[in-house]
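Student: dropping a prediction and its sequence here:
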Amino acid sequence: MTMNAQTATNLQSEGWASVFDLGGHGSSLVVPHAAGPGSTADSKSSFHLPADLEERFSRLAMSTGETKAFHAREALLSYLDDLEDLTLAESRLHDIRSGKTQAIPLEDVLRRHGMEG
């Protein structure tokens, strides 16, 4: 299903879907929420990919015996994990630089966990 940007934005703002930018490829992923706002049920997603990315998914699926959906899910999970880690690290760095918190020296961490060298 093709959807214009305004429709996707409306669905997102009303809690019916999540919209992810696919990183400058001119494509977005619209993930509908299965049962509407606040739903925790699994949902099925459909999205368009640039031809080169679609080809990469197809080759990977064929070479591994897994489905493209499996690899798309794994890629999204990995991306989200990395982005969450980065966001947390940037937040902690900001707290240290602003004086809100202090870093703990590595030697203290090692000693605290019985890993002194």
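Tutor: Right, received. Where do you want to start?

Student: residue ranges of each domain in the chain, please.
Tutor: Here the domain assignment for the chain is 1-39, 49-117, based on automatic domain parsing.

Student: weakest of these in terms of mean pLDDT?
Tutor: For the domains of the chain, mean pLDDT drops lowest on domain 1-39, to a mean of 56.

Student: leaving aside the residues adjacent along the chain, what's closest to His94?
Tutor: Spatial nearest neighbour of His94, excluding adjacent residues (C-beta to C-beta, 6 or more residues apart in numbering): Lys100 at 8.0 Å. In short, each C-beta sits where N, CA and C put it, glycine included.

Student: may I have the phi/psi pair for that neighbour?
Tutor: Per-residue torsions, Lys100: phi -70, psi -30 (degrees, to the nearest 10).

Student: neighbours of it, how many?
Tutor: Taking other C-beta atoms under 10 Å as the criterion, the count of residues near Lys100 is 9.
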